[in-house]
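[1] no sequence for this one, just the structure:
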């Protein structure tokens with residue numbers, strides 16, 4: 001499982017046993033209208049995540065291996081987007097967000113705040 005954006009490791013295995021081995025990343029995207037903070041959570045990893053709390057991660061960096069820990073019936077990639085750290089109740093529609101972010105990024109309007117290429 002890899003980071004979908006540059007970010008900072010917000011927490012590890014903090015959302016209860018149902019998610020198994022998991023990591024929450026905090027991301028900041030800078031746009032013309034200001035910055036947007038959001039979180040991504042990667043769940044059910046085979047082993048403990050390979051990153052540590054507070055660590056800066058780059059887009060595409062390996063966070064851990066896909067697995068089936070916690071409340072899961074088989075290996076899968078469980079990815080959540082949210083506007084607050086935590087569980088599903090704060091979830092965002094990741095497909096809409098990824099599409100909008102890609103269009104704006106391709107147009108040069110959005111740039112990852114932690115990127116060294118800014």
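    Ah, there it is. These numbers come from a predicted model, not from an experiment.
[2] need the nearest residue in space to residue 36, chain neighbours excluded.
    residue 29 (4.9 Å; CB to CB, 6 or more residues apart in numbering). All C-beta spots, glycine's among them, are computed from the backbone N, C-alpha and C.
[3] confirm the one you found sits in a helix?
    No - using DSSP: H, G, I helix; E, B strand; the rest coil, the assignment for residue 29 is strand, not a helix.
[4] distance check, it against residue 57.
    15 Å (CB to CB, to the nearest Å).
[5] got it, and residue 44?
    Residue 44 is 19 Å from residue 57, by CB to CB.
[6] between these two, which one's more packed in?
    residue 44 (23 against 20; other CB atoms under 10 Å).
[7] secondary structure element holding the more buried one?
    According to DSSP states H and E, residue 44 maps onto strand 34-45.
[8] quick check: buried residues in stretch 60-71?
    Going by neighbour count (16 or more other CB atoms under 10 Å), the buried part of stretch 60-71 is 63, 64, 67, 69, 70.
[9] swap in stretch 68-86?
    Buried residues in stretch 68-86 (16+ other CB under 10 Å): 69, 70, 78, 80, 81, 82, 85, 86.
[10] same thing with stretch 33-49?
    For stretch 33-49, by 16+ other CB under 10 Å, it's 38, 39, 40, 41, 42, 43, 44, 45, 49.
[11] in this structure the first one contacts residue 25, no?
    No - between residue 38 and residue 25 there is no contact under CB atoms under 8 Å: 9.4 Å.
[12] mind listing the strands for this protein?
    Listed in chain order, the strands of the chain (DSSP state E) span 7-12, 21-31, 34-45, 56-57, 78-82, 91-92, 111-112.
[13] to residue 1, which of those strands lies closest?
    strand 34-45 (4.7 Å; CB to CB).
[14] just curious, which of the buried residues of stretch 33-49 is nearest to residue 10?
    Nearest to residue 10, judged by CB to CB, of these is residue 39 at 6.4 Å.
[15] residue contacts, that closest one?
    10, 24, 25, 26, 27, 81, 82, 83, 84, 85, 86 (CB atoms under 8 Å, 6 or more residues apart in numbering).
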